Every structure is written in C-alpha cells, then in structure tokens.
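Student: Kindly return the folded structure for what I paste below:
(2 chains)
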Amino acid sequence: MTAAAGLAVDSAAKPPAFWVPFLKDAVLAALVAVLLALPLVGLQTYDIGGGALGIRTHFDWVAIGGAAVFAGRLALRVLQQLYRTRPTGRARVLISIAAWGNRQALPITLLGIGFAVALPFLPFSSRYLIDLGTTVLIYVMLGWGLNVVVGLAGLLDLGYVAFYAVGAYTFGLLARDLDFTFWEALPFSGLVAASFGVVLGFPVLRLRGDYLAIVTLGFGEIIRIVLLNWAPVTGGPNGIGGIPRPSFFGLHFARSAPEGVATFHQFFGLEFSPDHRVIFLYFVILAMALLTNAFTLRIRQLPIGRAWEALREDEVACRALGINPTTVKLSAFAIGAMFGGFAGCFFATRQGFISPESFTFIESATILAIVVLGGMGSQLGVVLAAVLLVSLPEFGRAFAEFRMLIFGAAMVGVMVWRPRGLIAHREPTLRLGSSR
Amino acid sequence: MSPVPLLAVENLTMCFGGLVAVDNISFTAYRGEITAIIGPNGAGKTTVFNCLTGFYRPSAGRLAVHKDGEILQLERIEGFRIVRRAGIARTFQNIRLFAGMTVLENLIVAQHNPLMKASVFSLAGLLGLPRYRAAERAAVERARHWLDRIGLTDRADWLAAALPYGAQRRLEIARALCTGPALLCLDEPAAGLNPRESAELNDLLLGVRDEEQIGILLIEHDMSVVMGISDHVIVLDYGRKIADGTPAEVRADPEVIKAYLGEDEIDNAAEEAPLRPLAGREGGARANGAAA
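Tutor: Now for the predicted structure:
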C-alpha cells in the first residue's frame, strides 16, 4: 500500500513534458491564424461577368497558413527553451561583441566615414546608389537633430518634420522672392527653424511624456496645414518649384551656363555629366551631417549638454541644483530644430521643388523611429537605424506589395532582440581617469 | 563659538486648499550648527523644506537668509535661483540622482551655473578656450574632493544607479555640497541605512559642519542620528511647532512624548494635560520674538 501511494504521489508530482505547453500554445496560435485567415484569405470575390460578383474559396491557402503559424510558433518556443537553458553562453557572446564594439568605436567610425566618402567612386556605385545614399544621409542628419531633443533632453517630439518643412520653405521663399542661392539661404533656414523651435518650446515647457507628444504632433500638423492653405505665399498644394541647385564655389552644374557664369565641367575641363551634381549633393549632405555630429558630440560634453541629459533623468533634481529648466528645454528645442531646418534647406535644393506632401506625419514617425531604433542618444545607432530604415524598403522593392510587411517585421525583430535600440551604450561625457 | 544666524523662518504657513500643512512656524538656523526637524509622519517637515528650497510658495510668513551681510527674502526668489542666490541646497527623501549618468557627472551637473558662466553661452566651450578648460578642471577637482570625502573616488565612472543604496545617499549629499551651499537641507539622509552607515553619515555631517562652517538643516526619524549630532532640535506635529531646544531638552518635553507615543501615556498625568497646548504655543511665540 505504501508503495502504491508512493507511486501515485510520484505520478501526480511529475510535471508534464516540456513540449506539452508548447504544443498547446502552437495549436492556439494556429487556431487564431485560421480564424483570421478564413474570411480574409479563404474567401475571394471575382467578377463573373455582367458586373456580378462570385465567390471563390481558397481553403487550401488557409490550411497552409495555419500549418505555417503552428510550425513557426512551435519552433520559436523550442528555440526560446533551448536558449533559456543556456543563457550564459549567449549573454557572454553578446557582451563580448558589445565590448569589442566599444573598444573599436574610433576605428569603426573612421571606417564608416571612409566608406561614405569613397562611396561615389567605388566600382559598383551607381547614380541610384548615390541618390539612395543622399536620402539616407538626410535622415541621418534629421535623426541626429532629433536625437538632441529626444535622446539627450528626453523631450518626446512627434512633430519634428515641422522644422524640416520650415527650413525647406524658408529657402523656397527666399529663392523665389529674393533670389537667394542655397549657400546664402542655409543659415537663414537654420535660424528660422530654431525660432520655430523656441515658439513650440514655450507652450510645452510644463508638459512631459504623452502630453508633450500630443502637442508636438499637433504642431507638426499645424505647420503642414498652414503651408497647404496659405496659397498666396506658399503656393498651397502646388508647392514651390524652380528652387536653385547649389553651386560649387560659384560654379554651376549645368550643360551650359548663361554668359559670364562658369560651369563646373568647363572650369575643371571635364566631360559634362549629370552625375557630377548628384555626387556633389551627396558630399554636401555628408559634410552637413558630419558637422551636425561633431557639434552634437562636442556640446554633449559642455554644461548645456550635460544639463539636457540631467533634465531627462530628473527635472526636480535639476531645479534643486539651480538649473533653469526653461532655458535648458528651449535650447534643446532650438538646436534640434536648427538641424532640422538645415536638412530642410538641403532637401529643397536637392528636389528643386517642395510641397506640403513631403512633410506629413509619416516623416516625423520615421525620424523618431530612427532615433528610438538606433538607441536613444547614440550617434552611431542613428546611422545604423537610418541605413536600415531607409534602404530596407528600397531593397525590398523586389517583393512589391510585401515590402512594408517585411519592413514592419524587421522593426519588430529589432525591438524584440534589442529593446533599448541597436546601440544602447552611453559613453560618459567625462571620466575621472582621463583628467588625472 | 557664537552662532551666526543663517536662516530665520517667521510665521511660515502653507495651506493646500483647506488643509493647513504648516501652521505659523518660526525658527532660526545658525551657521556652523546642525538643526534637526523631527516629528511624526505628516507633521509638515518636508513641506517646510519645499518652501525653503522654492518648490512651494508659502501661503504666509517670511523666510529670511542672511548672506554676506545682506538679508534675502527666499519667498521672493524664483525656485531654481535659490541655490545660486541664497546658497540653499537640498537632498530628497526618495533619492533623486541622475541615475543614467555617472557618479562624476552627477557632481559636475551640480556645478552647472559656474561652468555655464565660464562657457559663455557654450561658445568658449565649443571652441575649447583655456578659460573654459580651467573652469572644467576646477569643477572636476571639486568633485574629486567630495568623492574622496564620501569614499566613492574609485567608483567615479560608475553609473549612479549601479551604486548600493547607502552610497547613493552619500552621493546625493555630495552633489548638494558641490553647489557650494551656505545651508544644506537633508531630507531623511539616514533612511534605509544600516547602523554602521548611519554612524559614517554622522561623522560626515559633523565634519562638513566644522570644516565648511555651513548650516545643516536635517529632517530625520533615526533618533541615533538626531540625538547624536544635532545642536538644536525642532519638533513639529500636525503642522505646528511643539518644541524647540537642545536634544536633551526636547527629549524630556512632555508635548513631544505625547506626539510620539500618543495620548494614552499622558492620561496617567491627567491633571497637567489641559495646560500643555497653551505652553506649546507660548514656546512658539518666544521663538518668534527671538527671530524677529
């Protein structure tokens, strides 16, 4: 009898095999997938002629989808189980990779800059690639600008595209009405955008987090709607066209120039090629982006930069230490907006045409995604995320309508595996050791 | 040592709607002395601190700081300017460090105002002018002095959040000291410390008082700290001051015993009880006269 009782206890205490809950989980996931797919994929309408619709069934597709979800879910759980049993090995690998990355930060940066400079001259380079590189660099610059506001000062800004638009329209209007060139308009674009940053900053001084996000979102939309409706000045939905291209120290990029104006290819005795301008634009934005980076890296180590980060960490403590939160916040908004304005000015000269279409909320969302995905406050992370976010949809063109799906899946993947962004490491602004 | 008055609080009252959190309190804190404010939970101690450091604007009363021969009215100074103008620094009941920054950076941020001045709208800083470099070196030296003092020099480059609890408390005190205050307000600095850490804290505070010749205002529940190092104890209960004196005097005060131990203990001496609230108020009035 004791033996029987012992046996009973034994069988009751024995946990079910580890794969039983996995199987249950996978079946459940497959069931949900089938239920969803049944009306969406299983039934398809088609034209039977005469304008009437017939229904075609595709239950085989539903079955395939269900089976795929089942297998995928099961595989995911099993993989998780395997990794959970041996977490130290995986963690050690990740830590060693991160440590190597930190030690090699300077070589990696130099390599990246070297590659960016050499890109137009590499054998596999093409006009398409340089155009793509220019677009990526615009987003890198916007990301670095927004990084000041969101990453350093911790002020969630969902309307950053407004400053991009202000910069672009400042140049557009100056060029149309006052015949400004790109280089003449560039400082004004930054200045006007910075003023708009202060204008936005004042009403939101007391707001944080979600509330701040909503107000900035509204601000972005206000700017776009004003541009759309103030037709006598902004051209409304027709935008502003004929924006001048930048010149290379007064040399124009054109096949032929009017009397008394030199062209780039004549001056250097080159064969005319439309690629010259594309490559020049690429180098202009590269230089602007690198300047933005150098400025941000430097100002991070100054009292104002440290005050931004302190404000992000704890506003109450900042007040208690005698830091004026108003000026600190406004300076972050102004400097972030200034870089947005510079990027907008470049965008206008590159496109030659601007309209409110280019400054929708999706742009703000993309720039914010670049900052968050890259790792808040990380300059290198912004570059990685911009390359990923801008070029992934481009390279996904082969998959036609699935490219946004792949894009979304990649973003979810990054956030699952690196929840604090691609590069979550923060370098201290000064060390006691270094000053010894 | 004749004490120099540093802070004179006169008839301070703070109301939140109908609730009177601080009711007509007056006291004086002296340079080179540790003044403790004690009282049961909800007595209004932290509210007094928030009025002093500009987080609340008092409903009534005067907060006068004697600095370099002139008298500053704290209630007229904008909150964040109090550190620089009046030299009052504080710590918080729940530690408020810049958790994502290093220990050293916490101490450098505390010196924001002099560094900002040296960086001339960040221009001198951006260009790396010698004037700014010198100011930064001085700031690091000052930070190192306090790091040595609290024993965290070898952990200067750690994230503040990575420090153990007791070290975070000490770092917050060092951060407040880095602002170069005349009056240091500490809100429960010994909360959560073990007896050994409490003893170290006592030594630190006594050392700071004597070396820097600054005033320390201390809110504390840990009686070993209060009775061990205070020169002067003020007892609050329900927003009113019920006692004011040396630790020994306060400990013997029946009003204080009543506030801490409850009404029942006093019932044994019922015939004396009706007089006591009056006596408390008289005590308050005497202090007012002294401060004015």
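
Student: Which residue ranges make up each domain of the chain?
Tutor: Unless you meant another one, I'm taking chain A. Following automatic domain parsing, one finds the domains of chain A at A:16-89, A:104-417.

Student: wrong one, I was asking about chain B
Tutor: When chain B is cut into domains by automatic domain parsing, you get B:1-87+B:181-292, B:94-179.

Student: can you tell me the distance between the two ends of the last one?
Tutor: To tie it back to what came earlier, the one meant is domain B:94-179. End-to-end span of domain B:94-179 (C-alpha to C-alpha, to the nearest Å): 20 Å.

Student: ok, and does that domain reach over to chain A?
Tutor: Yes: for domain B:94-179, a contact with chain A is found by C-beta under 8 Å from any C-beta of the partner chain, at B:96-102, B:104-105, B:108-110, B:112-113, B:115-116, B:119, B:122, B:125-126, B:136-137, B:140, B:143-144, B:147, B:153, B:156-157, B:175-176, B:179. (Each C-beta comes from the backbone N, C-alpha and C, glycine too.)

Student: ok, back up a step: turn the domains of chain A into TSV, including distance to chain B and mean neighbour count.
Tutor: Formatted as TSV, the domains of chain A follow (distance: least, C-beta to the nearest C-beta, whole Å; neighbours: other C-beta atoms under 10 Å in any protein chain shown):
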stretch	distance to chain B	mean neighbour count
domain A:16-89	21	13
domain A:104-417	3	19
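
Student: Dump the domains of chain B to CSV, plus mean pLDDT and distance to residue A:297.
Tutor: Putting the domains of chain B into CSV (pLDDT from 0 to 100; distance: least, C-beta to C-beta, whole Å) gives the following:
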stretch, mean pLDDT, distance to residue A:297
domain B:1-87+B:181-292, 79, 28
domain B:94-179, 86, 11
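
Student: Output those domains in CSV, with mean neighbour count appended to each entry.
Tutor: Compiled in CSV, the domains of chain B are given as follows (neighbours: other C-beta atoms under 10 Å in any protein chain shown):
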stretch, mean neighbour count
domain B:1-87+B:181-292, 18
domain B:94-179, 19
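
Student: what's the closest of those domains to residue A:38?
Tutor: Among these, domain B:94-179 comes nearest to residue A:38, with 48.3 Å by C-beta to C-beta.

Student: Give me the distance from that closest one to the chain's centre.
Tutor: Averaging C-alpha positions (C-alpha atoms, centre = their mean, to the nearest Å) puts domain B:94-179 20 Å from its chain's average.

Student: Could you dump the domains of chain A into JSON lines and include mean pLDDT?
Tutor: Below are the domains of chain A laid out as JSON lines (pLDDT from 0 to 100):
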{"stretch": "domain A:16-89", "mean pLDDT": "81"}
{"stretch": "domain A:104-417", "mean pLDDT": "84"}
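
Student: For residue 139, give me its contacts.
Tutor: Using chain A. The neighbourhood of residue A:139, defined by C-beta atoms under 8 Å, 6 or more residues apart in numbering or on different chains, consists of A:366-367, A:370, A:386, A:389-390.

Student: The intended chain is chain B.
Tutor: Applying C-beta under 8 Å, 6+ apart, the residues near residue B:139 are B:108, B:111, B:114-115.

Student: do you know how far the residue of the stretch 51-200 of chain B found nearest chain A is from residue A:305?
Tutor: Residue nearest to chain A within the stretch 51-200 of chain B: residue B:83 (3.3 Å; C-beta to the nearest C-beta). Note on residue B:83: its distance to residue A:305, by C-beta to C-beta, to the nearest Å, is 20 Å.

Student: quick one: the strands in the stretch 51-200 of chain A?
Tutor: A:53-57 (DSSP state E, counting those that start in this stretch).

Student: Quick one: the helices in it, in order.
Tutor: Using DSSP state H, counting those that start in this stretch, the helices found in the stretch 51-200 of chain A span residues A:59-85, A:87-103, A:105-118, A:127-146, A:161-178, A:182-201.
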